[in-house]
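K.L.:
Need a 3D model of the following:
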Amino acid sequence: MLPLKQFVDFIEQNTLFTPHSKILAAVSGGMDSVLMTHLLKAAGFNFGIAHCNFQLRGPEALRDQEFCNNLANQLRVPFHTINFDTGNYAAENKISIQMAARELRYQWFDTVCQQSDYQVIALAHHQNDTIETILLNLTRGTGIAGLHGILPQNGTLVRPLLFLNRDEIAGIVAENKLSYVEDSSNASAKYARNKIRLEVIPKLKELNPSLEKTFENNLRHFRDLETLLENQLTILKKTVLKTDAGGQYLLIDEVKQLNPARLLLFKLLQDYGFNETTIDDLLSALDKHSGRVFESAGYLLILDRDRLILQKKTSVEPVPALINEQDHELHYGNFKLNVLHDDSPLIIKDNPLAVSVDAALLEFPLQIRAWQEGDYFYPLGMKGSKKLSDFFINQKIALHQKNEVPLLINGNGDVIWVGGYRPDERYKVSDNTKKVTIFELYKLK
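P.N.:
Numbers count the residues shown, from 1 in each chain. Sure thing, here's the model as predicted:
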């Protein structure tokens, strides 16, 4: 007899699909997928069969394709099939044959689903496939997510046979005299997964004959631990990963209190492309001088005085620009600068993005640029000069924002204005000023 009740119970318990769902069953012709189709038919589900011919096994591949066609006719369900030039696809994309077959298969499944209104794709993975996946992940290196094995559901992909192991499937197929075809490549140990199935797992079963049951219990624990970790991360993302007007950041004191720090910080920053090696480097640098920058493909992580600043990389790099006397407008980085000449000694107040200076003191061409080491100016209202680096510290300007501050430079090299913050005392409008030049910045984004 077919294990119909266990099959339907597993589908319901894991909410894989409903009696009203339209299911695309991926069928190779092997005993696993053949059993799945017979169970779907016996349970009364609405499904069609999809079979891929990767044209890698010559006449055997044609035999499998014809077998699946006959199976669909026998069960009176729709049949979808396609022939792939897998070898050519792998060569063109510089990937392995296995990866090429995987990409081609799932791309085509998605296409068939869209064209024929299938809601889910049923795959015939079983418990032993999960064991093989975990052992492969452990061999190659994995985090906790690699220990949960193959999930019953992943998006539109569902696996309704995960309640059975390989020996149980073989027994059911034999008892019910179900016809199937055998892929000869499954007997080759040249592929990593086959090597684990044919050589490693038999040795493990010598140590533990109930290996599948043990792994089933382990998987439950691993999935519970993963859920616990994800719940903790949800909380940390709301508390440790902070946001203000300057962007996202983490306070260094709070990072030091994370336990285990390496795991939690990696999981917090994983979505931004940071790997575990970078996290190790970052943790070892927390008590050192600020200014260190860590990079992922799309983000910067800047070690500031009391915080780690998370900044998205931008393709806009401000290029120094010259300002001639006849210029009225120019662009610099993310700013537009307007220049206005006025005959009255107008003083700009209460607008940090605008300044009026004594026109007689200007030596054209002026320049607008980012700060450089050694820059200094005479802040308006103060006596004496101040280094820009010290001024930025006093203004609590984050390290990653320093280069975004536009400086207006006179032709003689003086800093006239720290754009958005403070003009220079030497260029202020005074009682002796006859004409002013007004500079006004507009942030473009």
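K.L.:
Surely I11 is within a helix?
P.N.:
Yes. Under DSSP: H, G, I helix; E, B strand; the rest coil, I11 sits within a helix.
K.L.:
Show the contacting residues for it.
P.N.:
17, 160 (CB atoms under 8 Å, 6 or more residues apart in numbering). For every residue, glycine as well, the C-beta is placed using N, CA and C.
K.L.:
quick one: pLDDT of it?
P.N.:
The per-residue pLDDT reported for I11 equals 97.
K.L.:
Specify the local secondary structure of the closest residue to G146 other than its chain neighbours.
P.N.:
Leaving aside its sequence neighbours, G146 sits nearest to N137 (CB to CB, 6 or more residues apart in numbering; 3.6 Å). For N137, the assignment made with three-state DSSP gives helix.
K.L.:
in which helix or strand would I find E66?
P.N.:
Assessed by DSSP states H and E, E66 sits inside helix 59-75.
K.L.:
Please report how far the residue nearest the centre of the chain lies from K237.
P.N.:
With distances taken as CA atoms, centre = their mean, D271 lies nearest the centre of the chain, 4.7 Å away. Per CB to CB, to the nearest Å, D271 is found 9 Å from K237.
K.L.:
ok, the residue nearest to G146 - how many residues close by?
P.N.:
Using other CB atoms under 10 Å, N137 has 16 other residues around it.
K.L.:
Which SSE is immediately downstream of the strand or helix carrying L269?
P.N.:
Per DSSP H and E, L269 falls inside helix 261-269. Towards the C-terminus, the helix or strand next in line after helix 261-269, according to DSSP H and E, is helix 276-285.
K.L.:
Give the other helices and strands that that next one contacts.
P.N.:
In terms of contacts (3 or more CB pairs under 8 Å, 6 or more residues apart in numbering; DSSP states H and E), helix 276-285 is packed against helix 261-269, strand 293-295, strand 299-303.
K.L.:
hang on, the earlier thing: starting at the chain centroid, how far to the helix holding E66?
P.N.:
The chain centroid and the centroid of helix 59-75 are separated by 40 Å under CA atoms, centre = their mean, to the nearest Å.
K.L.:
Name the residues of it that are buried.
P.N.:
61, 64-65, 67-68, 71-72, 75 (16 or more other CB atoms under 10 Å).
K.L.:
now swap in stretch 362-374 and tell me
P.N.:
362, 366-371.
K.L.:
closest to L151 among those residues?
P.N.:
For the buried residues of stretch 362-374, the closest approach to L151 (CB to CB) belongs to A370, at 49.1 Å.
K.L.:
distance of that closest one from P318?
P.N.:
Distance from A370 to P318, by CB to CB: 6 Å.
K.L.:
Identify the contacts common to these two.
P.N.:
With CB under 8 Å, 6+ apart, A370 and P318 have common neighbours 403-404, 406.
K.L.:
packing partners for the helix holding E66?
P.N.:
With contacts taken as 3+ CB pairs under 8 Å, 6+ apart, helix 59-75 sits against helix 31-42, strand 46-53, strand 79-83.
K.L.:
which strands and helices sit next to the longest one?
P.N.:
By that I understand helix 31-42. helix 4-13, strand 22-26, strand 46-53, helix 59-75, helix 166-175.
K.L.:
Report the angle between the second one and helix 59-75.
P.N.:
An angle of 150 degrees separates the directions of strand 22-26 and helix 59-75 when computed by axes from the mean of the first three to the mean of the last three CA atoms, to 10 degrees.
K.L.:
Now for this structure, the helix or strand with the poorest mean pLDDT.
P.N.:
The least trusted helix or strand in the chain, going by mean pLDDT, DSSP states H and E, turns out to be helix 399-402, with a mean of 71.
K.L.:
Name the next helix or strand downstream of that helix, please.
P.N.:
Moving toward the C-terminus from helix 399-402, the next helix or strand (DSSP H and E) is strand 407-409.
K.L.:
List the neighbouring strands of the very next helix or strand once past that next one plus their orientation.
P.N.:
Following strand 407-409 in sequence order, the next helix or strand is strand 415-418 (DSSP H and E). Applying DSSP bridges, strand 415-418 is found paired with strand 407-409 (antiparallel), strand 422-423 (antiparallel).
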